[in-house]
Structure formats: C-alpha cells, structure tokens
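Asks: sharing a model that was predicted from the sequence below.
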Amino acid sequence: MELPTHILLSYGYLLLFLWVLIEQLGIPLPATPILIAAGALTVHGPFTMTAGFLSAVAACLVADMAWFYFGKRFGHHVLRLLCKLSMEPTICVRQTQNSFGRGRALTLMVAKFVPGLATLAPPVAGQNGMNVGFFLLFDGLGSFLWVGTLMVVGRLFGDAFHRDPHLLDWVGRFSGLLLILGVIGFFLFRIYRRQSELKKLAAARLEPAELKKLLDDGESVFIVDLRHPLELLPDPFTLPGAMHFSPDALAARVHEIPRDRDVVLYCTCPSEATAAKTAMTLHKLGIDRVRPLRGGYDEWKRLGFPLDAIPPVQPKVVTIT
C-alpha cells in the first residue's frame, strides 16, 4: 500500500485541500503525513511546491474563517460544541483564552503546532471580538508556517529518496501501514488522556461528610442537582440549597456559574458518571473548582444528612437568578 503517496498521486491537490480542511474543522484526521508526502512528491514529481502549499493554506483559512465567524455569532455555544467533539482534555477553552491574554498574535501564529489549540483559537478569537483583518493576518502567517514547515520536511525526505531509490521503495511499501498505525495510535492516545482525566476527577470527589461540614460552617458552596426531573417525582427532596439543572443546561449557563467558590455536582448514577462527565466539561470551559459528590444523592440520604423538600409536581429546571 503506497499511502499516502498513492492517493496523492491519484487525486492530487483536491485531496490535499480536503484532507487539511477536514482536520482544521476539528475532525481528528491527522494531516501531517499528507503534507509531508506532498512535500516529498515535489522532488521530480507531479506535485509543485507552490500549488501544494497554496492548496493547504487555503484549506486552513477556509476552516479558520468558518470557526471565527461561528465564534463571533454564537459565542460559548460553539465552544461547548468543540468541547464535546474534543477528546483532548488538556487543551481547553480556559487555556486558549489565557494564551490570547498573553499575546493574541503569537497564539494565532503557533496554534497550528499545538494539538487542540488549532481548532479552538479561531472561535475564541471571534468570541473575543478580534478584528477580522488582524485575525486573517496572523492566522494566515501561522498557516504559512505550519504548512511550509511540514512540506519542507517532506521535500528533504524526498531529496533523500531521490538519491537512494531503494529507500523510496521501502518507504512506499510500508507507508500505508505506518499511516494506519499512526491514526490508530492517535485515537488510542487521546482516549487514554480522556480516561486519565476522568480518573483524576474521580480522585477529586468530595466526601458527603466533608460537604456537610462546609455547610455547617457556613461556607458558600454552589451545589447542583443533576438528576433527571422524573427522578424527583417519587423522591421530592434535594440537598440544602441545591439548584437543579440538566448537564446540558448547566453547560449552557457556564458564564453564570461562580468562580469564587466550590461547585459540587451530584447525581444518582453508578460511580457518579454523570457528575464526573459534567465536571470534565466544566473544567474545559474554565470552571476549576468543581467536584463530584462521592455516592451522590443516595449516599447523602443514606447517611441521614439534611434534605430540603421540593414540590413533588414541579420537575422543571430552576434557573439562576
């Protein structure tokens, strides 16, 4: 299997454009092997460096401008969508916004080299009201640097292959396998990182007794009940002062969640799965002080800790005032 060189020879610049476009839109399909292969094919091959370079840069700009305007128009709703699509918990909206605070131009120029940041930077720039001309200038420079670097690396490999044809034959024979292994490894690594993040959240769970002590001491704690409304009908009670939200509704109101106090999430699902996943989403969206309650509502009730009664016929979501 002579991939990716074979498919590049078959479909040319259109494939290069579409492959880079798909990756820049946030689909985890690595474009690095394709760009390196395109650079290698510019050595006495059907590809030219200029045409391949412009195809890839055009794909970057099309995708980035789309995310820029989506971020400008829909704000945090787009960022929530990207957090759901993303499997990389270490690159979050908060980190991207911090990078913009330190230097907007530099962030845009290096974003393509940082996994996750390449997709998040354009909508964050749009959400923050960045001037479109400023964005195009520095995002374009970043795209030029990223595409140019990878294609030059490919060109250097192509020169080596041209000097030693046997090396080219060996690489062509195994390039398809290497590409497939690279894609599989890419997905496995991101799944591993996601599971690691969930384990960290599990380790950070708050014990019911610790939460009760905080409440008894008069500490201000933002408690969120994530149970389904139907679960409230047979058991119309909630933790003291808790507010009821669905996970999606809570993420939609992320800018109203206090940052100056602990945010405690609880549910009734096994191993606090809903609370843990919601906590991970809030972490990505910049809420640092969020902890699932160990054992959730059932454990709190089993320990005989105080509960607030709620009307049994009012399963509606309570809004933040």
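Replies: Structure received. Numbering: from 1, shown residues only.
Asks: only C-alpha atoms from now on, for both contacts and neighbour counts.
Replies: Fine.
Asks: all strands in the protein, in order from the N-terminus.
Replies: Secondary structure of the chain, counting by DSSP state E: strands at 222-225, 237-238, 243-244, 263-266, 290-292, 308-309.
Asks: can you find the helix or strand in this structure with the smallest mean pLDDT?
Replies: One helix or strand of the chain scores below all others by mean pLDDT, DSSP states H and E: helix 93-102, with a mean of 59.
Asks: okay, Gly126: pLDDT?
Replies: The score at Gly126 is 85. That number is its pLDDT.
Asks: residue contacts, it?
Replies: Taking Cα atoms under 8 Å, 6 or more residues apart in numbering, we find Gly126 in contact with Trp67, Phe68, Tyr69, Phe70, Gly71, Lys72, Arg73, Gly75.
Asks: let's see that with 7 Å instead.
Replies: Contact analysis of Gly126 by Cα atoms under 7 Å, 6 or more residues apart in numbering lists Phe68, Tyr69, Gly71, Lys72.
Asks: most neighbours among the residues you listed, which one?
Replies: Phe68 (27 neighbours; other Cα atoms under 10 Å).
Asks: residue contacts, it?
Replies: Contacts of Phe68 (Cα under 7 Å, 6+ apart): Pro122, Pro123, Ala125, Gly126.
Asks: and the pLDDT for it?
Replies: The predicted local confidence for Phe68 is 91.
Asks: which residues sit in contact with the closest residue to Ser246 other than its chain neighbours?
Replies: Using Cα to Cα, 6 or more residues apart in numbering and skipping the chain neighbours, the partner closest in space to Ser246 is Leu226 (5.4 Å). Shown in contact with Leu226 (Cα under 7 Å, 6+ apart): His244, Phe245, Ser246, Pro247, Leu265, Tyr266, Cys267.
Asks: check Ser143 too.
Replies: Val57, Cys60, Lys112.
Asks: of the contacts of Leu226, closest to Lys277?
Replies: Lys277 lies nearest to Pro247 out of the contacts of Leu226, by Cα to Cα, at 8.9 Å.
Asks: from Asp298, how far out is that closest one?
Replies: 19 Å (Cα to Cα, to the nearest Å).
Asks: neighbour count for these two, which is higher?
Replies: Ranked by neighbour count (other Cα under 10 Å), Pro247 and Asp298 place Pro247 first, with 21 against 13.
Asks: isn't that one up against Lys277?
Replies: No. The pair Pro247 / Lys277 is not scored as a contact, 8.9 Å apart, by Cα atoms under 7 Å.
Asks: name the residues contacting each of the two.
Replies: Residues touching both Pro247 and Lys277 by Cα under 7 Å, 6+ apart: none at all.
Asks: off-centre distance for stretch 221-232?
Replies: 26 Å (Cα atoms, centre = their mean, to the nearest Å).
Asks: which of the contacts of Ser143 fall in helices?
Replies: Using DSSP state H, the subset of these located in helices is Val57, Cys60.
Asks: who wins on neighbours among the contacts of Ser143?
Replies: Tallying neighbours with other Cα under 10 Å puts Cys60 at the head of those, with 28 neighbours.
Asks: go ahead and confirm that one touches Glu23.
Replies: No. Taking contacts as Cα under 7 Å, Cys60 lies outside contact range of Glu23: 8.9 Å.
Asks: next, count neighbours for Thr149.
Replies: By other Cα under 10 Å, neighbour count at Thr149 equals 15.
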